[in-house]
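# Structure for this input, please:
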Amino acid sequence: MEAQDGVCAMCRQSCASGRKLAIDHDPATGETRGLLCRSCNISLGLLKDRPELLAAGISYLVRSGQAFPTEALADLLHISTD
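Take a look at the predicted model:
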């Protein structure tokens, strides 16, 4: 956890609410995954910790013109950066 340098493991920002970072657990195993800010922790919870829902959200933002993927992200999502 010290390797995170006091920032969220997901967005790499300090917690905007001023709260301490939350300890994120794998719901299946109870194992600690890392420290998350409140927004990222709530976001993963709302997405039910399902990577396919997170990927679908990213794809939606890209298709709607709200996000512009890097080549690495485009490869991961099987979409074009053109």
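# Could you pull up the residues touching the nearest residue to residue 57 once chain neighbours are set aside?
Excluding the flanking residues, the one nearest residue 57 by C-beta to C-beta, 6 or more residues apart in numbering is residue 47, at 7.3 Å. Using the backbone N, CA and C atoms, a C-beta is placed for each residue, glycine as well. When contacts are counted by C-beta atoms under 8 Å, 6 or more residues apart in numbering, residue 47 touches 53-54, 57.
# can you pull the pLDDT of residue 47?
As predicted, residue 47 sits at a pLDDT of 95.
# measure it to residue 22 for me?
Using C-beta to C-beta, to the nearest Å, residue 47 is found at 15 Å from residue 22.
# For residue 24, grab the count of nearby residues.
By other C-beta atoms under 10 Å, 20 other residues sit near residue 24.
# What strand or helix carries it?
Element membership of residue 24 [criterion: DSSP states H and E] is strand 22-25.
# Partner strands of that strand, with direction?
In the sheet, strand 22-25 lines up against strand 32-36 (antiparallel) (DSSP bridges).
# before we move on, back to that, out of the contacts of residue 47, who has the most neighbours?
Highest neighbour count within the contacts of residue 47: residue 54, with 15 neighbours (other C-beta under 10 Å).
# hang on, the earlier thing: just give me the closest of the contacts of residue 47 to residue 15.
The nearest member of the contacts of residue 47 to residue 15, counting by C-beta to C-beta, is residue 54 at 20.1 Å.
# can you tell me which residues contact that closest one?
Neighbouring residues of residue 54 by C-beta under 8 Å, 6+ apart: 44, 47.
# did I read that right, it in a strand?
No: per DSSP: H, G, I helix; E, B strand; the rest coil, residue 54 lies outside any strand segment and is helix.
# What does the pLDDT read for residue 2?
64.
# And the one 3 residues further on, by the same measure?
Residue 5 is assigned a pLDDT of 86 by the prediction.
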